[in-house]
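Participant: Okay, here's the prediction I keep looking at, along with the sequence it came from:
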Amino acid sequence: MNKILIIGGGISGLNAAKAARDASPDCEITLIEAEKNNTYIRTRLPEFISEEIDKEALFPYGDTWYEENNIRYIKDCTITEMDYTGKMALTQADRISYDALIIASGSSPFVPGIPGGDKLNVLSVRTIADSEMVKELAKSSSVCTIIGGGLLGLEMAWSVRQLGCSVNIVEFAPRLLPRQIDEQASELLLEALMEKGINIYLDSQTEEFVGSGKVSGVKLKSGTVIETDFVILSTGVRANVASFKKDELTVNKAIVVDGFCQTSVAGVFAAGDAAEYNGNNFCIWPIAISQGRVAGHNAARYIEKNADLLKYTEQQPFTNLKIKGITMFSIGDISAKDCEALVYTDKQSKKYIKLFIKDSNIKAAIVFGEPSITLTIKKAVDMQKHIPHYDSTISVYDLIKSL
């Protein structure tokens, strides 16, 4: 029987397994995962921390689903070495053979080398266990400081704040989310977060975590010391690819794949945070799902020597902040210089919409304070929907109605 091995039980690995089973009802599928849990929805961890959802809501499927779909799921299992020539994966306890391999090993938090980073109560949040630790600290502490004001850092700040803990954010950039939104949207976002009781230190760099054994403060390069009971590092992620590096496998920031999610080794595919396509390794949820589906389908077709392959369609990365009472959405390249900007601003209602138009198409957009239009705009950008009878005098809302 043909064997497909999937390394990584995150959302990309799960979707690879589902696609492989759909494409090949009879192949043997083995899914291995370093954690002790079934696949869970990592993007919902902030809601779990704030107790908006319980732990069970994180899991799309229980053990029964894997059994019913004939997917062998090995948990608490890590790869120690790969043999691509012999088509063998070595784990800490076993040797697993395969006919096609999918690497969906995900990513891990990047931990900057800040002095004092090894002190007690300085942590990153990536897993359910990490989230349970944050929840416990937030309930027993007065002040939390988050290093990094990116999307996850902001959502984590709001989760902790809802548990009654004071929250500081230290952000290196002079404004919030500079790659996703423009200055006007950043100012609106800053104001909205401060209204929720979150303190934000912009244009600030952490010099040291101070304290005796346990962290008690964050010292900035300006000399300011922020008193704190615990620290969350939200400073980005890096692909988990160290175990897979061999001369025959091309690896840059992540494992390089082609349009079929196949690597430089025939029969070896990669997807999600572990994959790099066209020089991009975005490490975002929708791309992980899409690439997982492509890799799973194509791995099944590969072992059957079937040419009916799926082609990965590169997606526009988008940002959608999940904080109650704040709508902040962006999509596309907001730094593009060859677009016409169509802008709507209402200072009283704190609404701000900016559409980037080129060749009668919306190429990018920023939306603040107007949740009713984000899905319409996303679809228009994704589908490159033509705007009928476009001219620069049209209003933003009239344009959206025409889509």
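Facilitator: Noted; the coordinates are in hand. Residues are numbered from 1 along each chain as shown.
Participant: Relative to residue 42, how far out is residue 127?
Facilitator: Distance from residue 127 to residue 42, counting by C-beta to C-beta, to the nearest Å: 8 Å. Where C-beta positions appear, they are placed from N, C-alpha and C, glycine not excepted.
Participant: and what of residue 345?
Facilitator: Here residue 345 is placed at a distance of 35 Å from residue 42 (C-beta to C-beta).
Participant: the more surrounded of these two?
Facilitator: Taking neighbours as other C-beta atoms under 10 Å, residue 345 and residue 42 compare with residue 42 leading, 19 against 14.
Participant: Please identify the nearest residue in space to the residue nearest to the spatial centre of the chain, excluding sequence neighbours.
Facilitator: The residue lying closest to the centre of the chain (C-alpha atoms, centre = their mean) is residue 284, at 3.3 Å. Sequence neighbours aside, residue 317 is the residue nearest to residue 284 in space, at 5.8 Å (criterion: C-beta to C-beta, 6 or more residues apart in numbering).
Participant: Show me the shaky parts of this protein.
Facilitator: Applying pLDDT under 70 to the chain picks out no residues at all.
Participant: which one's the longest helix in it?
Facilitator: helix 285-303 (DSSP state H).
Participant: Now do the buried residues in that helix.
Facilitator: Using 16 or more other C-beta atoms under 10 Å as the test for burial, helix 285-303 gives 285, 287-303.
Participant: ok, now stretch 119-131?
Facilitator: By neighbour count on 16+ other C-beta under 10 Å, the buried set for stretch 119-131 is 119, 121, 122, 123, 124, 125, 126, 127, 128, 130, 131.
Participant: cool, and stretch 341-356?
Facilitator: So, applying 16+ other C-beta under 10 Å, buried residues of stretch 341-356: 342, 344, 351, 352, 353, 354, 355, 356.
Participant: What are the contacting residues of it?
Facilitator: 182, 184-185, 188, 191-192, 332-334, 336, 339-340, 357, 362-370, 373, 377, 392, 394-397, 399 (C-beta atoms under 8 Å, 6 or more residues apart in numbering).
Participant: circling back to that earlier point, name the nearest of the buried residues of stretch 341-356 relative to residue 265.
Facilitator: Relative to residue 265, the closest of the buried residues of stretch 341-356 is residue 356; by C-beta to C-beta it sits at 39.4 Å.
Participant: Within its sheet, name the partner strands of the particular helix or strand that has the closest one in it and how each one runs.
Facilitator: Take DSSP states H and E as the rule and residue 356 turns out to sit in strand 351-358. Strand pairing for strand 351-358, using DSSP bridges, gives strand 340-346 (antiparallel), strand 361-368 (antiparallel).
Participant: so which of those strands gets nearest residue 99?
Facilitator: strand 361-368 (42.2 Å).
Participant: Would you state the helices of the stretch 1-150 of the chain in chain order?
Facilitator: With DSSP state H, counting those that start in this stretch, the ranges of helices along the stretch 1-150 of the chain come out as 11-23, 45-49, 63-68, 128-140.
Participant: would you turn those helices into a markdown table with distance to residue 175?
Facilitator: As requested, these are arranged in a markdown table below (distance: least, C-beta to C-beta, whole Å):
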| stretch | distance to residue 175 |
| --- | --- |
| helix 11-23 | 31 |
| helix 45-49 | 22 |
| helix 63-68 | 44 |
| helix 128-140 | 26 |
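Participant: Let me know which of those is tucked in deepest.
Facilitator: Of all the helices of the stretch 1-150 of the chain, helix 11-23 has the most neighbours on average by mean count of other C-beta atoms under 10 Å, namely a mean of 25.
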